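A.B. asks: Below are the sequence and a predicted model for it; my questions follow.
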Amino acid sequence: MKQIVKNMLEHKEKTVPILSFPSTQLLGIGVNELIASSDMQVAGMEAIVEKCPVGASLNMMDLSVEAEAFGAKIRFSEQEIPTVEAGVLDDITEADRLVVPKVGEGRTALYIEGVRKAKERIKDIPVFCGVIGPYSLAGRLFDMTELMMECFDSPDEVKVLLSKVTEFIMEYIKAFKAAGADGVMMAEPAAGLLSPALAEEFSTPFVKRIFDAVQDENFVICYHNCGNAVVDMAEDIATLGADIYHFGNAIRMEDILPKMPKDCIVMGNVDPLLFRNGSVEEIATCVQKLYEECSRFENFMISSGCDIPAQAKWENIEAYFNKVKELYA
């Protein structure tokens, strides 16, 4: 087990939710200003670290960045995380002509620079970068529903697309490593919509290729999947070689924990929408329930189930941290 992972397990009170975009409220800016400036991103990361007892600092978990580098049309909003409005492929047969962009295209250079600056200013905890997974990126470049159908109808063409996005993600993570990142959180939520057999063919090999290429003793790899089929996929997911597995609230954590490697951290899975739409009491109750159900597993850590919305209520975020601290005091 890597030293960073050991340290995190020894301090479970320093929880690591996917918490980045609510920093806009602390800075008094909109989402667009945050994602357009590496200095603002670092300021947001620092603001989170100063206000919250986190065990690691995560840069912006923005799953539109890689698609934008490929040329996808992105929808921006002052209050919401950017989303892909239109991909770049109209037909899967166009995959062989798709040009893999250089790392630095679009906003990727800003995000890499943000991590570089964060490592200079955040000293006491590790700094993780965030990237999208290969199947999830392929779905954003083509069409999520159509991609699933093409897995049956045109599997070779799908794999061409997956190989190209895998190449880009691999180089993107390497650039983050060169900038000083201590680890990466890869979000592969679309794979959670696949059957176990399809995920084994169209997601796992490509994720594993990326992890094998960037793995080393000082770099932590976290795999996030918030799909509702991950329990059925658990045996396959467990072979990825990640140091941390992070799951969403579409499943019960106690169902997947026994299926995960014992020498890895398994995190989840407070409903992220509760932070925006729920109450302090609901947050505390959810954290308490998770603890009661899962604390018997030594490798379990409480976290959010996915990215906490930019407009989350800060009293709810604070209630989450307070409850975790109380339980692990």
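C.D. replies: Done, it's in.

A.B. asks: quick one: K325 is in a helix?
C.D. replies: Yes - if the criterion is DSSP: H, G, I helix; E, B strand; the rest coil, then K325 is within a helix.

A.B. asks: contacting residues around it?
C.D. replies: 13, 53 (CB atoms under 8 Å, 6 or more residues apart in numbering). Backbone N, C-alpha and C define where each C-beta goes, glycine included.

A.B. asks: From Y291, how far off is it?
C.D. replies: The gap separating K325 from Y291 is 12 Å, by CB to CB, to the nearest Å.

A.B. asks: Repeat that for M186.
C.D. replies: 26 Å.

A.B. asks: quick one: low-confidence parts of the stretch 51-200 of the chain?
C.D. replies: Applying pLDDT under 70 to the stretch 51-200 of the chain flags no residue at all.

A.B. asks: ok, for the residue positioned nearest the centre of the chain, nearest residue in space, not its chain neighbours?
C.D. replies: In the chain, the C-alpha closest to the average C-alpha coordinate belongs to A187, at a distance of 3.8 Å (CA atoms, centre = their mean). In space, and not counting its chain neighbours, A187 is closest to H224: 4.6 Å by CB to CB, 6 or more residues apart in numbering.

A.B. asks: Can you get me a residue count around M144?
C.D. replies: 15 (other CB atoms under 10 Å).

A.B. asks: Touching, it and P189? I think so.
C.D. replies: No - counting by CB atoms under 8 Å, M144 does not reach P189; the two are 10.3 Å apart.

A.B. asks: who does the helix ranked longest in the chain touch, helix- and strand-wise?
C.D. replies: Criterion DSSP state H: the longest helix present in the chain is helix 155-178. When contacts are defined as 3 or more CB pairs under 8 Å, 6 or more residues apart in numbering; DSSP states H and E, helix 155-178 packs onto helix 65-69, helix 108-121, strand 127-132, helix 134-141, helix 144-153, strand 183-187, helix 196-202, helix 204-214.

A.B. asks: Go ahead and produce PDB holding the CA coordinates of it.
C.D. replies: This file holds the C-alpha atoms of helix 155-178, laid out as PDB (Å, rounded to 0.1, in the frame of the first residue of the first chain):
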ATOM      1  CA  PRO A 155     -17.300  -3.200 -32.000                       C
ATOM      2  CA  ASP A 156     -14.100  -2.700 -33.900                       C
ATOM      3  CA  GLU A 157     -14.900   0.900 -34.700                       C
ATOM      4  CA  VAL A 158     -15.800   1.600 -31.100                       C
ATOM      5  CA  LYS A 159     -12.400   0.200 -30.000                       C
ATOM      6  CA  VAL A 160     -10.700   2.500 -32.500                       C
ATOM      7  CA  LEU A 161     -12.400   5.400 -30.800                       C
ATOM      8  CA  LEU A 162     -11.600   4.100 -27.400                       C
ATOM      9  CA  SER A 163      -7.900   3.600 -28.300                       C
ATOM     10  CA  LYS A 164      -7.700   7.200 -29.400                       C
ATOM     11  CA  VAL A 165      -9.200   8.700 -26.300                       C
ATOM     12  CA  THR A 166      -7.100   6.400 -24.200                       C
ATOM     13  CA  GLU A 167      -4.000   7.700 -25.800                       C
ATOM     14  CA  PHE A 168      -5.100  11.300 -25.000                       C
ATOM     15  CA  ILE A 169      -6.100  10.600 -21.400                       C
ATOM     16  CA  MET A 170      -2.800   8.800 -20.800                       C
ATOM     17  CA  GLU A 171      -0.800  11.700 -22.000                       C
ATOM     18  CA  TYR A 172      -3.000  14.200 -20.000                       C
ATOM     19  CA  ILE A 173      -2.300  12.300 -16.800                       C
ATOM     20  CA  LYS A 174       1.400  12.200 -17.500                       C
ATOM     21  CA  ALA A 175       1.300  16.000 -17.900                       C
ATOM     22  CA  PHE A 176      -0.400  16.300 -14.500                       C
ATOM     23  CA  LYS A 177       2.300  14.000 -13.000                       C
ATOM     24  CA  ALA A 178       5.000  16.200 -14.500                       C
END
